[in-house]
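>>> A structural model of the following input is requested.
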Amino acid sequence: MKKETRSLIMYRLERARESLEEANILLERGHGNAFVNRLYYACFYAVSALLLTRGLSSAKHGGVRSLFHQNFVKPGLVSTELGQIYDRLFDNRQKGDYADLVRFDPNEVRDWYDEAREFVEIAGDIVKKELDTH
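Numbering: from 1, shown residues only. Got it, this is the predicted structure:
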């Protein structure tokens with residue numbers, strides 16, 4: 001694996017962690033929709049890093065989602081539950097960003113933070129294993 005690819009993978013993992021921090025700030029201020037957006041992006045960056053360990057990427061969010069399921073969830077490298085967390089955040093980020101009259105109550109989505117944090121941690125662990133073998 002090229003040094004540039006490794007650097008990009010590590011950058012995306014760092015962006016995932018930063019997005020989790022940003023989500024916390026937004027939640028504290030009562031911004032539910034932006035909170036959900038940052039949780040999704042935390043997982044998106046982590047998935048992007050995972051895909052890069054296999055030389056995969058997509059210019060579209062739906063493509064990233066599909067590649068993630070094909071290459072990590074379906075073969076059992078990532079649990080179905082984690083795949084479902086990603087799907088829920090993907091769908092709700094779409095609603096919160098693009099649908100009219102959608103407001104996420106911070107108290108109702110607060111628990112999603114722990115799920116996203118776990119997702120990013122597990123993805124990071126898999127990335128490290130992948131990098132150690134290449």
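
>>> and the residue nearest the centre of the chain, what element?
What sits nearest the mean C-alpha location of the chain, by C-alpha atoms, centre = their mean, is residue 43, with 0.8 Å. Residue 43 is part of helix 32-53 when elements are defined by DSSP states H and E.

>>> send me the following helix or strand past that helix as PDB with only the CA atoms.
Remark: after helix 32-53, the chain's next helix or strand is helix 61-68, criterion DSSP H and E. Taking Å, rounded to 0.1, in the frame of the first residue of the first chain, the C-alpha atoms of helix 61-68 are listed here in PDB:
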ATOM      1  CA  HIS A  61     -22.600   8.400  -0.400                       C
ATOM      2  CA  GLY A  62     -24.900   5.600  -1.600                       C
ATOM      3  CA  GLY A  63     -21.900   4.000  -3.400                       C
ATOM      4  CA  VAL A  64     -19.900   4.100  -0.200                       C
ATOM      5  CA  ARG A  65     -22.800   2.500   1.700                       C
ATOM      6  CA  SER A  66     -23.200  -0.200  -0.900                       C
ATOM      7  CA  LEU A  67     -19.400  -1.000  -0.900                       C
ATOM      8  CA  PHE A  68     -19.400  -1.100   2.900                       C
END
